[in-house]
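Q: Sequence unavailable; structure follows:
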Ligand code: HPA
């Protein structure tokens, strides 16, 4: 827990390609367990440019937990218990919008949830209050603007809009599924954006998604999607993600928690 008068840490949930956070000077690494179970990885506490940060590797370290088996509730609860009130979720995604090809960084502003069967709420038992949180804007607009500002300051070209389609996985989509996502208005597709964003909202935290496109979504090119291509896009694009995290971290640390739920 953060002591009064100390700076609240920013939480970072690293996805595929971001199992460790280079630039994070780690002061403590510790395992926790909470009412929802164990988070995906040990929590790495440290600082980036003097801003306290708590990092979790969403798929474990080493990477071994598939998207549908991530314990999203334990992850978010662990960050909350560590004093985090602003979370950056880093996600590898497939690009649907013509502007969103491999290695493109996207800071989406909306999402559609196509996942199923995941433990997607903290509101299950022993309820004594309203459970219908407002989720009109799933991402903190203030946090989004800070990431966008960091990109401008670094002269980095990023996409500052986008509807994130959260699919169940772990398989990639069919071409027809991607056509449907596009008709629905989706610009990018990933498997881990939900229920993470909703759980953060339930806990009253700011949440923002920093997405890295690692492949064209199925059917958007004639090419088969290979792990080698995905790894190449990660190798090209992740340095930009790290840079944005580094530059935006201290401003993100100044955000007040939203006044919900
Ligand atoms: N679809 C879903 N999730 C993904 C993709 C994709 O094409 N690429 C990376 N994560």
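A: Yep, that arrived. Here the structure is a predicted model, which means the values were calculated and not measured.
Q: So what sits opposite the closest residue to residue 111 other than its chain neighbours in the bridge?
A: Nearest non-adjacent residue to residue 111, counting by C-beta to C-beta, 6 or more residues apart in numbering: residue 164, 4.2 Å away. Just so you know, the C-beta spots here come from the backbone N, C-alpha and C atoms, and that holds for glycine as well. Residue 164 has these beta-bridge partners by DSSP bridges: residue 111, residue 188.
Q: cool, and residue 106?
A: Beta bridges link residue 106 to residue 159, residue 211, judged by DSSP bridges.
Q: For the residue nearest to residue 25 when sequence neighbours are not counted, give me its contacts.
A: Distance criterion C-beta to C-beta, 6+ apart; nearest residue to residue 25, sequence neighbours excluded, is residue 46 at 4.9 Å. Counting by C-beta atoms under 8 Å, 6 or more residues apart in numbering, residue 46 touches 24-28, 52-53, 55.
Q: give me that answer again for 7 Å
A: Applying C-beta atoms under 7 Å, 6 or more residues apart in numbering to residue 46 gives the contacts 24-27, 53.
Q: Top of these by number of neighbours, please.
A: Neighbour counts for the contacts of residue 46 (other C-beta atoms under 10 Å) peak at residue 53, which has 25 neighbours.
Q: isn't that residue right up against residue 23?
A: No. Using C-beta atoms under 7 Å, residue 53 is not in contact with residue 23; the gap is 9.4 Å.
Q: what's downstream of the worst-scoring helix or strand of the chain on mean pLDDT, the next helix or strand?
A: The helix or strand of the chain with the poorest confidence is strand 25-30; it has a mean of 87 (mean pLDDT, DSSP states H and E). Proceeding N to C from strand 25-30, the next assigned helix or strand is strand 43-48, under DSSP states H and E.
Q: quick check: mean pLDDT across that next one?
A: In this model, strand 43-48 carries a mean pLDDT of 94.
Q: And for stretch 100-108?
A: For stretch 100-108, the per-residue pLDDT values average out at 97.
Q: quick one: buried residues of that stretch?
A: Neighbour counts using 16 or more other C-beta atoms under 10 Å place 100, 102-108 of stretch 100-108 among the buried residues.
Q: For the residue nearest to residue 111, give me its contacts.
A: Going by C-beta under 7 Å, 6+ apart, residue 164 touches 108, 111, 188, 190, 193, 209, 211.
Q: try residue 209
A: Taking C-beta under 7 Å, 6+ apart, we find residue 209 in contact with 89, 91, 108, 139, 164, 193, 197.
Q: Next, give phi and psi for it.
A: In terms of degrees, to the nearest 10, the main-chain angles of residue 209 are phi -100, psi 130.
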